[in-house]
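*Asks:* this one's structure only:
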């Protein structure tokens, strides 16, 4: 039985590169075809290609009726390129102003696999406008929190401090980043890459120290300094009422829940939060050392079983602790996010 040989199917690209001009189209007709590596034909205009890229200008010079071995389709010279249809589509869109509203979307994780190829193609064809466009897409991508280290590396290799800073900020919501062995031998990027885990550890220590102070006396000499302990974390900033673990204004607390220490000095009476909260916030501080982002702050509403038992044993805490912890965790996360953003801008941007 003879062997059946199948011929790969060549398809035309979608508009505006399909070669099928609209009836209302008043400009010059396409006069050249770029064929992608996956056999999709892009019908283009020689003038725009030559104007937008020196590399494409050389292709235009070769793709003439006098060019040796040049394939023709619909009376247009066909020039094969090594890029996929998706990458070629994104490159060409940057050369056609009328299609500038059609953007290279980064919505699904699989979309990120195209970025390295797009940067390589833009460099190959000497198209800095594509590199700038791609960087804008990366900066506004909703995927940064999901793959922050990858975005950081793109910012680093493209010398874009804004993307580096934004990505570094989102690494704080994960365990300390493990830098992959991408650089061998060490290159210009090695020193900057090494700073990322250091930044993570520094923020973890700083936030943990700030959080540990929340279990201390209100008369501690460090309290009240905005960089370490904003006073609004002692109370619900919606109502101004002290959180229940700080509220000793009535006798609703159980005997073992907390106390106002009657130590009189120049600062007045020394007040401590409820013991269960002191233990809870100490555990929260340790979590921040590992993951110093706002997500850890949002988890501060969840207490350990022993702390929950102490809460349930106190009438005042049993009534209010759940709601107060929810609001406290919201305010704590906002405090952490704000301070991390300031630190990120100082370090990277």
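*Replies:* Nice, I can see it. Since the model is a prediction, treat every value here as computed from it, not as a measurement.

*Asks:* helices of the stretch 151-300 of the chain, start to end?
*Replies:* 161-171, 190-212, 275-290, 294-298 (DSSP state H, counting those that start in this stretch).

*Asks:* what residues sit buried inside the longest one?
*Replies:* Using 16 or more other Cβ atoms under 10 Å as the test for burial, helix 190-212 gives 193, 196, 199, 200, 203, 204, 206, 207, 208, 210, 211, 212. The C-beta positions use only the backbone N, C-alpha and C, and glycine is treated the same way.

*Asks:* with stretch 319-326 instead?
*Replies:* Residues 320, 321, 324, 325 are the ones in stretch 319-326 that count as buried (16+ other Cβ under 10 Å).

*Asks:* the closest residue to the last one other than its chain neighbours: neighbouring residues, count only.
*Replies:* The shortest distance from residue 325 to any non-neighbouring residue, by Cβ to Cβ, 6 or more residues apart in numbering, is to residue 301 (4.4 Å). Residue 301 sits with 18 neighbouring residues when counted by other Cβ atoms under 10 Å.

*Asks:* same question for the one 4 residues further on.
*Replies:* Look at residue 305: counted by other Cβ under 10 Å, it has 7 neighbours.

*Asks:* picking up where we left off before, ok, so of the buried residues of helix 190-212, who is nearest residue 125?
*Replies:* Distances from residue 125 to these, taken as Cβ to Cβ, are shortest for residue 193 (28.4 Å).

*Asks:* how close does the closest one get to residue 120?
*Replies:* Residue 193 sits 20 Å away from residue 120 when distances are taken as Cβ to Cβ, to the nearest Å.

*Asks:* also residue 146?
*Replies:* Taking Cβ to Cβ, one finds residue 146 at 23 Å from residue 120.

*Asks:* for residue 236, see how far away the residue nearest to residue 325 is.
*Replies:* Relative to residue 236, and taking Cβ to Cβ, residue 301 is found at 13 Å.

*Asks:* need the overlap of contacts for those two.
*Replies:* Counting by Cβ atoms under 8 Å, 6 or more residues apart in numbering, the residues touching both residue 301 and residue 236 are residue 328.

*Asks:* just the buried positions in stretch 89-96, please.
*Replies:* Using 16+ other Cβ under 10 Å as the test for burial, stretch 89-96 gives 89, 90, 91, 92, 93, 94, 95.

*Asks:* any idea how far the longest helix seen in the chain is from the chain center?
*Replies:* Longest helix of the chain, by residue count under DSSP state H: helix 315-348. Relative to the chain's own centre, helix 315-348 is displaced by 21 Å; criterion: Cα atoms, centre = their mean, to the nearest Å.

*Asks:* relative to helix 190-212, how tilted is it?
*Replies:* Here the directions of helix 315-348 and helix 190-212 differ by 160 degrees (axes from the mean of the first three to the mean of the last three Cα atoms, to 10 degrees).

*Asks:* mind giving me the packing neighbours of helix 315-348?
*Replies:* When contacts are defined as 3 or more Cβ pairs under 8 Å, 6 or more residues apart in numbering; DSSP states H and E, helix 315-348 sits against helix 161-171, helix 190-212, helix 294-298, helix 305-312.

*Asks:* between these, which one is closest to residue 52.
*Replies:* helix 161-171 (24.3 Å).
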